[in-house]
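Engineer: Sequence first, predicted model second:
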Amino acid sequence: MPALEPHIPGKLRFGRFPITDVSPVVEGGAFPAKAVAGEGIAVGATAFREGHDALGVSAVLYSPRGKEKQRVRLRELGKGLDRWHGILTPTKEGEWTFTIEAWHDRYGTWHHNAAVKIAAGIDVELMLAEGAALFAAAAEDEDRSEADRATLRSASYTLADASRSVEDRLAAGEAPEVRAAVERLPIRELVTESEHFPLLVERERAGRGAWYEFFPRSEGAVRDHATGAWTSGTLRTAAERLPGVAAMGFDVIYLPPIHPIGRAFRKGPNNSLTADPGDPGSPWAIGAAEGGHDTIHPDLGTFEDFEAFVARAEELGLEVAIDLALQASPDHPWVTSHPEWFTTRVDGSIAYAENPPKKYQDIYPLNFDNDPEGLSKEILRIVNLWIDHGVKIFRVDNPHTKPVWFWEWLIGKVAKKNPDVVFLAEAFTRPAMMKALGRAGFQQSYTYFTWRNTRAELEEFFTMISKDWAPFYRPNLFVNTPDILTEYLQFGGWPAFKIRAVLASMASPLWGVYAGYELVEHVARPGAEEYIDNEKYEYKQRDWAGAEAAGRSLAPYLTRLNEIRRAHPALMDLQNLTLHSSTDDATVVFSKHKENADGTKDTLIIVVNVDPHATRESTVTLDLPALHLDRESLDLEGRFRVDDLLSGQSWMWGEHNYVRLDAHAEPAHILHVRR
Ligand SMILES: O=P(O)(O)O[C@H]1O[C@H](CO)[C@@H](O[C@H]2O[C@H](CO)[C@@H](O)[C@H](O)[C@H]2O)[C@H](O)[C@H]1O
């Protein structure tokens, strides 16, 4: 890299050229922007200069050891906007940084002036001589390849050769090989460098993966038909379901809490406040005489069984995520050993937890203000204990009901020893809190996706997750959870389940499903947005294989979506989503594009009819530059071939395309651009 030229010293904030509004920069660099290895990160800056000379702008990526690893020339978003944009791709985990450089683009300035003046017959010899001198000096630069130096030297000779025509001489300075050489290593002066901005590169599963949630106690649970009594499934029987989950292409198996469940105020079926003796209770009501967060429910098994479960999952390519629900049933050992960790009212009682309008009568919330140190230490102990038993992913229940400083502390502390541990924030709350949790270090977050159903809502949501919030917030698009069965799913039938799965799995590198989705379970408890006979309060037996054999399962569809994700790197990045337009207000169109390290391109166009009740027709208009089409892929009319990865059909597409999607047949196209 050429030495940076000094500018006027002193306490001035502006360098030789102003560089402002750099992104991704989180809170002025107080928190790092997020990435995973191999992910394309959108970089932007506003940079400009006085006068009319040309400005070049680059982004430079530095490895955790401070070595320059990538230098990308940024492109101006629109003439005169002074806003520059490009993509940086860090290659491995660690604490990277990047800078923006703005510099006088000497070739750009010369070329612009030479073209205009020579055409007008002004300063002709002078401009050619200046070009010759510029290329002669650039050819001396030992950072260039021998071939580029020879190209520039030859251009210099031709520009200086008065025996040739003026047109030939100017053409030598504009030749494609000359442009390519100065593109590879621009002729720069007055380089201004921004400060270094932090970019935290985390492991793959921090930002990419398909999640599957199930209740281990249900898998292998048996009901005695004579007495109606249930025998719980165990971690051993639950492990038998893992091959089926892995076969659908999921990467993470998430278990709701597996700890002993309190008996006091235990909830019964359908969230009722009374439980019969055989009712297992909500797994989130953690803690009983058998133990608390550091104990496994005796019905499920032992730590040995847990480790066997983790090992089996690993064999199948699945990673186990467990729940970190920081609350206690009234029977939790903490309630007697550490009453100061709870808020006691004047009458000595402790108020149950709430997440308005929801009431959790079977648990006490923790109070982090009475003994912050003691409580934090205990929670760190618990997290470390599970890490020691092979857990590297925690789904954190209701993090927004605990102070944000605590999460910043806990996640930072865990990362020091175990930088590969991932925390998913289950926070459905006000945006300020959700953003703060992302900044505090949560690698992933649940989102409002389940409630974004119309085209307008989805377009706004996709822009938010892939652009506005992307530097600090990784969205995990769950299509359902034990708590969330939206009206859209309740009343949209099979098409609705397909539509939501396509949207989630294609728009975000992280998506998730709660068991039963593949069986299109859609009946809600009257007046609630939750499943009837919810698995949170009872055992559930499902006949996965029977449903599939009878064609009553969406498992093959989910499997196909996960297969497509794995085969297409473009789907594994978050920030590369572009919205396109359509004439129908229920047809959503977006594309994802990625240029791989080997220069190959992967581009998908996803078209979804989000009206689960109808057939929709529209004309889709594509933003062609976002597809990065190569000349060789276009026919004489500028059209290109797309292959539908769902139906197997293939069509020639162009800027405007007719689309008809019958929600009951197939509500989506997932089109791969053939190169
Ligand atoms: O409050 P959220 O909607 O974010 O839901 C999460 O936290 C809840 C409390 O942990 C949890 O609720 C379930 O467990 C409670 C405690 O046992 C019980 O009172 C609730 O009825 C039950 O839904 C919810 O599942 C979790 O996702």
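Structural biologist: Looks like it arrived, so ask away.
Engineer: what's near enough to touch residue 429?
Structural biologist: Residue 429 sits next to residue 400 when contact means CB atoms under 8 Å, 6 or more residues apart in numbering. Yep, even glycine has a C-beta here, placed from its N, CA and C like the rest.
Engineer: and the gap between it and the ligand?
Structural biologist: From residue 429 over to the ligand the distance is 8 Å, taken as CB to the nearest ligand atom, to the nearest Å.
Engineer: quick one: that residue is in a helix?
Structural biologist: No. Residue 429: not assigned to a helix; according to DSSP: H, G, I helix; E, B strand; the rest coil it is coil.
Engineer: and the gap between it and residue 609?
Structural biologist: To residue 609, residue 429 is 31 Å away according to CB to CB, to the nearest Å.
Engineer: which of the residues in stretch 658-666 are buried?
Structural biologist: The neighbour-count check on stretch 658-666 (16 or more other CB atoms under 10 Å) flags 659, 661, 663, 666 as buried.
Engineer: Now do that stretch: distance from first to last residue.
Structural biologist: End-to-end distance for stretch 658-666: 16 Å, by CA to CA, to the nearest Å.
Engineer: got the contact list for that stretch?
Structural biologist: Contact with stretch 658-666 is made by 494-495, 498-499, 582, 587, 607-609, 611-620, 646-647, 667-669, as judged by CB under 8 Å, 6+ apart.
Engineer: can you check stretch 608-622 too?
Structural biologist: By CB under 8 Å, 6+ apart, stretch 608-622 touches 453-455, 458, 488, 492-493, 495-496, 499, 502-503, 580-584, 586-589, 591, 605, 607, 653-664, 667-669.
Engineer: If you count neighbours, what's buried in that stretch?
Structural biologist: The neighbour-count check on stretch 608-622 (16+ other CB under 10 Å) flags 608, 609, 610, 611, 612, 616, 618, 620, 622 as buried.
Engineer: Same question for stretch 366-384.
Structural biologist: Buried residues in stretch 366-384, defined by neighbour count with 16+ other CB under 10 Å: 366, 367, 368, 375, 376, 378, 379, 382, 383.
Engineer: Spell out which two among the residues you listed are the most distant pair, please.
Structural biologist: Largest separation among the buried residues of stretch 366-384 by CB to CB: 367 and 383, giving 19.3 Å.
Engineer: tell me the phi and psi of residue 381?
Structural biologist: Residue 381 adopts backbone torsions of phi -60, psi -40, taken as degrees, to the nearest 10.
Engineer: Spell out which parts of this protein neighbour the ligand.
Structural biologist: 267, 271, 282, 284-285, 325, 327, 355, 358, 360, 362-363, 397-398, 426, 428, 482-483, 536 (CB under 6 Å from any ligand atom).
Engineer: Okay, helices next: where are they in the stretch 251-400 of the chain?
Structural biologist: Remark: helices assigned in the stretch 251-400 of the chain by DSSP state H, counting those that start in this stretch are 303-315, 333-337, 372-388.
Engineer: can I get these in CSV with distance to residue 553?
Structural biologist: Compiled in CSV, the helices of the stretch 251-400 of the chain are given as follows (distance: least, CB to CB, whole Å):
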stretch, distance to residue 553
helix 303-315, 22
helix 333-337, 42
helix 372-388, 33
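Engineer: Tell me the buried residues within the contacts of stretch 608-622.
Structural biologist: Neighbour counting by 16+ other CB under 10 Å classes 453, 455, 458, 488, 492, 495-496, 499, 502-503, 580, 582, 584, 586-589, 591, 605, 607, 653, 657, 659, 661, 663, 667-669 among the contacts of stretch 608-622 as buried.
Engineer: Helices - which of those land there?
Structural biologist: Among those, DSSP state H puts 455, 458, 488, 492, 495, 496, 499, 502, 503 in helices.
Engineer: So the last one is in contact with residue 458, correct?
Structural biologist: Yes. Under the criterion of CB atoms under 8 Å, residue 503 is in contact with residue 458, at a separation of 6.8 Å.
Engineer: Can you pull the residues that touch both of those two?
Structural biologist: Common contacts of residue 503 and residue 458, defined by CB under 8 Å, 6+ apart, comprise 588, 610.
Engineer: Would you mind listing the buried residues in the lowest-mean-pLDDT helix or strand in the chain?
Structural biologist: Across the helices and strands of the chain, mean confidence by mean pLDDT, DSSP states H and E is lowest for strand 353-355: a mean of 91. Residues of strand 353-355 classed as buried: residue 353 (neighbour count, 16+ other CB under 10 Å).
Engineer: what does stretch 645-653 give?
Structural biologist: 645, 646, 653.
Engineer: low-scoring pLDDT stretches of the chain, where are they?
Structural biologist: Along the chain, segments meeting pLDDT under 70 span 1-10.
Engineer: Please parse it into its domains.
Structural biologist: 19-201, 204-332+365-518+558-571, 577-673 (the TED database).
Engineer: where exactly do the helices run in the stretch 401-550 of the chain?
Structural biologist: Using DSSP H, counting those that start in this stretch, the helices of the stretch 401-550 of the chain run over residues 404-417, 431-440, 455-463, 487-507, 544-549.
Engineer: Point out the most buried one among those helices.
Structural biologist: helix 487-507 (a mean of 22; mean count of other CB atoms under 10 Å).
Engineer: for it, the distance to its chain's centre please.
Structural biologist: Averaging C-alpha positions (CA atoms, centre = their mean, to the nearest Å) puts helix 487-507 20 Å from its chain's average.
Engineer: Grab the CA positions of that helix and hand them over as CSV.
Structural biologist: Below are the C-alpha coordinates for helix 487-507, written out as CSV (Å, rounded to 0.1, in the frame of the first residue of the first chain):
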residue,chain,number,x,y,z
GLU,A,487,-54.2,-16.0,12.7
TYR,A,488,-52.5,-16.2,9.3
LEU,A,489,-51.5,-19.8,10.1
GLN,A,490,-54.8,-20.6,11.9
PHE,A,491,-56.9,-19.7,8.9
GLY,A,492,-54.5,-19.9,5.9
GLY,A,493,-54.4,-23.7,5.6
TRP,A,494,-51.5,-25.5,3.9
PRO,A,495,-50.7,-22.5,1.6
ALA,A,496,-50.1,-20.3,4.6
PHE,A,497,-47.6,-22.8,6.1
LYS,A,498,-45.7,-23.0,2.8
ILE,A,499,-45.7,-19.3,2.3
ARG,A,500,-44.3,-18.5,5.7
ALA,A,501,-41.6,-21.2,5.4
VAL,A,502,-40.5,-20.0,2.0
LEU,A,503,-40.3,-16.4,3.2
ALA,A,504,-38.4,-17.2,6.4
SER,A,505,-35.9,-19.7,4.9
MET,A,506,-35.1,-17.6,1.9
ALA,A,507,-35.0,-14.1,3.3
